[in-house]
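S.K.: Build me a model:
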Amino acid sequence: MSEGDSQQHPLKTYFWVWGALFVFSVFSYLVDISPLEGFAKWSLITLFMLLKAGLIVTIFMHMIWERSSMAIPVLLPAGVLLFLMLLMILEGDYIHSSRQMFFGG
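M.R.: Model (predicted):
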């Protein structure tokens with residue numbers, strides 16, 4: 001590839017992603033002001049946050065067009081961190097429920 005060659009992505013893709021980000025943000029705001037409480041509320045907010053982050057990483061950071069040798073070192077640590085966060089959530093729930101069982105409350 002010569003120095004003057006560059007890859008041009010269609011603007012339609014970027015406009016579609018901006019629209020999707022706007023829609024996910026609106027949904028996240030609507031969930032935040034809704035009467036939902038607890039796990040359902042935070043699960044939906046987290047889902048919309050992860051969807052927005054995924055779109056930003058894949059399109060605006062050009063990960064969708066990168067080779068896997070470039071994308072794996074970026075995305076694999078994030079996946080491992082999400083797995084570890086899930087383990088911490090499960091452990092925290094276990095600790096909370098066992099404290100309630102033994103100490104009351």
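S.K.: For the chain, which segments count as helices?
M.R.: According to DSSP state H, the chain carries its helices in the segments 11-33, 39-55, 68-103.
S.K.: Which positions within the shortest one qualify as buried?
M.R.: Spelled out, it's helix 39-55. Using 16 or more other Cβ atoms under 10 Å as the test for burial, helix 39-55 gives 44, 45, 48, 51, 52, 55. C-beta here means a position set from N, CA and C on the backbone, and glycine is covered the same way.
S.K.: domain parsing for this structure?
M.R.: 7-65, 67-105 (automatic domain parsing).
S.K.: most neighbours per residue, which of those domains?
M.R.: For the domains of the chain, average neighbour numbers computed from mean count of other Cβ atoms under 10 Å are highest in domain 7-65, which has a mean of 13.
S.K.: Now do that one: distance to the chain's middle.
M.R.: Put simply, domain 7-65 sits 8 Å off its chain's centre (Cα atoms, centre = their mean, to the nearest Å).
S.K.: could you give the mean pLDDT of it?
M.R.: For domain 7-65, mean pLDDT rounds to 86.
S.K.: Repeat that for stretch 79-94.
M.R.: Averaged across stretch 79-94, pLDDT comes to 91.
S.K.: Just the CA coordinates for that stretch, please, in PDB.
M.R.: The C-alpha trace of stretch 79-94 is given here as PDB (Å, rounded to 0.1, in the frame of the first residue of the first chain):
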ATOM      1  CA  GLY A  79     -13.100  -9.700  29.300                       C
ATOM      2  CA  VAL A  80     -11.000 -11.100  32.100                       C
ATOM      3  CA  LEU A  81     -11.800  -8.000  34.200                       C
ATOM      4  CA  LEU A  82     -15.500  -8.500  33.600                       C
ATOM      5  CA  PHE A  83     -15.200 -12.200  34.600                       C
ATOM      6  CA  LEU A  84     -13.400 -11.200  37.800                       C
ATOM      7  CA  MET A  85     -16.000  -8.500  38.600                       C
ATOM      8  CA  LEU A  86     -18.700 -11.200  38.200                       C
ATOM      9  CA  LEU A  87     -16.800 -13.400  40.700                       C
ATOM     10  CA  MET A  88     -16.600 -10.400  43.200                       C
ATOM     11  CA  ILE A  89     -20.300  -9.800  42.800                       C
ATOM     12  CA  LEU A  90     -21.100 -13.500  43.500                       C
ATOM     13  CA  GLU A  91     -18.800 -13.500  46.600                       C
ATOM     14  CA  GLY A  92     -20.200 -10.200  47.900                       C
ATOM     15  CA  ASP A  93     -23.800 -11.600  47.600                       C
ATOM     16  CA  TYR A  94     -22.700 -14.800  49.500                       C
END
